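the following block contains a protein sequence and its predicted model.
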Amino acid sequence: MHLLEVKNLRTRFKTDVGIVNAVDGISYFVDEGEIIGLVGESGCGKSVSQLSVLQLIPTPPGEIAGGQVVFEDRTCSGLTQRDPK
């Protein structure tokens, strides 16, 4: 079991000129005690991917369009701060 697992995460934004796919199918996992670094060019989706994991994408214009985030063997979609462990 992984501490954090991100599976096929997709995030998009609606703009005046159409849909922008900011994150398109990122997957990774982190095990307990590990530290990871996310690197890439400016504008490639690093920040948006992590805001998506934390479910902090402003809606509208953003939308988490697909994928799954699992933390400590719990699916995080739709969790609230009051959810018990």
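Cool, got the structure.

and for Gly45, the neighbour number?
Neighbourhood size, Gly45 [other C-beta atoms under 10 Å]: 19. Where C-beta positions appear, they are placed from N, C-alpha and C, glycine not excepted.

distance-wise, check it relative to Gly67.
Gly45 sits 13 Å away from Gly67, going by C-beta to C-beta, to the nearest Å.

what's the answer for Asp73, then?
As defined by C-beta to C-beta, Asp73 lies at a distance of 17 Å from Gly67.

hang on, the earlier thing: anything in contact with each of Gly45 and Gly67?
Ile26 (C-beta atoms under 8 Å, 6 or more residues apart in numbering).

rewinding a little: name the residue in Asp73 and Gly67 with the higher neighbour count.
The neighbour comparison of Asp73 against Gly67 (other C-beta under 10 Å) goes to Gly67, with 20 against 9.

and the strands in the protein?
Applying DSSP state E to the chain gives strands spanning 4-15, 18-30, 62-71, 74-75.

distance to Ser49 and mean pLDDT for these - can I get that in CSV?
As requested, the strands of the chain are exported to CSV (distance: least, C-beta to C-beta, whole Å; pLDDT from 0 to 100):
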stretch, distance to Ser49, mean pLDDT
strand 4-15, 6, 94
strand 18-30, 5, 94
strand 62-71, 10, 92
strand 74-75, 18, 89
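
could I get these as a markdown table with distance to Ser52?
Output for those, formatted as a markdown table (distance: least, C-beta to C-beta, whole Å):
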| stretch | distance to Ser52 |
| --- | --- |
| strand 4-15 | 5 |
| strand 18-30 | 6 |
| strand 62-71 | 5 |
| strand 74-75 | 14 |
